[in-house]
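[1] Turn this into a structure:
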Amino acid sequence: MNVLRLSLLISVVAFTAVGQRNSPEQRPVAPPSCPVTRPPAVPFTPPGEHKMGPDDNSFWLGTEKLWRALPKSGEVWGWGPNAPGHEHDLTAKIFWGSVDFDYHKREDYSLKVTGRRLDGDAPPLVVDKVTNALFVPHAAMLTGVIVPAPGCWEITGDYKGQKLSFVVWVRQVNQ
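    I've put the predicted structure just below:
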């Protein structure tokens, strides 16, 4: 009888392990202490036609002067090894839209991006220079950011006096 119970227990454990290994990977979520940006009560749609943008899982955030797309589930970034000199940083690209942006004009690359960690001390966010990304019929401003530590981060874009902030959770990725 003990052999039968032991066999049954081994079978249950084996099936459970196989089921866990083959189950779809769960999407990482931010802890409740990090107020990741969620869709606004009143949906926003940027002016004009946009080929790149929200699908059923994302939404627009901002005004016609400055906007970007974010996931409805809250933005979660992985943090781990990266470029030489930044082995433990996260590099992400952020696209920003504006009716005022004209990629032909040098002065229109005046977007300033800053970031601060909300749940602890951290070195400042490092921001690459602004460039453009062309999505016919519109162009977007594009910048890279280097996040120096995991945690809850507020990132703000300031373009020609119009500010837009959003909060992301940056999680540690196992190496």
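[2] Distance from the chain centre to stretch 163-171, please.
    The chain centre lies 7 Å from the centre of stretch 163-171; the measure is C-alpha atoms, centre = their mean, to the nearest Å.
[3] Let's test this: mean pLDDT of it, rounded?
    What stretch 163-171 shows for mean pLDDT is 92.
[4] buried residues in that stretch?
    L164, F166, V167, V168, W169, V170, R171 (16 or more other C-beta atoms under 10 Å). Any C-beta I mention is one placed from the backbone N, CA and C, and that applies to glycine too.
[5] Which ones among those lie within strands?
    Judged by DSSP state E, the subset of these located in strands is L164, F166, V167, V168, W169, V170, R171.
[6] Please name the nearest non-neighbouring residue to G62.
    Excluding its sequence neighbours, the residue lying closest to G62 (C-beta to C-beta, 6 or more residues apart in numbering) is L164, at 4.8 Å.
[7] any idea how far T45 is from E64?
    As defined by C-beta to C-beta, to the nearest Å, E64 lies at a distance of 10 Å from T45.
[8] who's more crowded, these two?
    Higher neighbour count among E64 and T45: E64, with 15 against 12, using other C-beta atoms under 10 Å.
[9] wait, isn't the more buried one in contact with F101?
    No - checked against C-beta atoms under 8 Å, the pair E64 and F101 is beyond contact range at 11.1 Å.
[10] what about this protein, any weak spots by pLDDT?
    Low-confidence segments of the chain, defined by pLDDT under 70: 1-27, 49-54, 79-90, 136-137, 174-175.
[11] mind listing the helices for it?
    For the chain, the helices defined by DSSP state H occupy 2-22.
[12] right, and the residue nearest to G62 touches W60 too?
    No - using C-beta under 8 Å, L164 and W60 do not qualify as a contacting pair, with a distance of 10.8 Å.
[13] Need the residues touching each of these two.
    Common neighbours of L164 and W60 (criterion: C-beta atoms under 8 Å, 6 or more residues apart in numbering): W67, R68.
[14] Nearest spatial neighbour of the residue positioned nearest the centre of the chain, chain-adjacent residues omitted?
    Residue closest to the mean C-alpha point of the chain, counted by C-alpha atoms, centre = their mean, is E75 at 4.2 Å. Counting by C-beta to C-beta, 6+ apart, V168 is the residue found nearest to E75 once chain neighbours are left out, at 4.2 Å.
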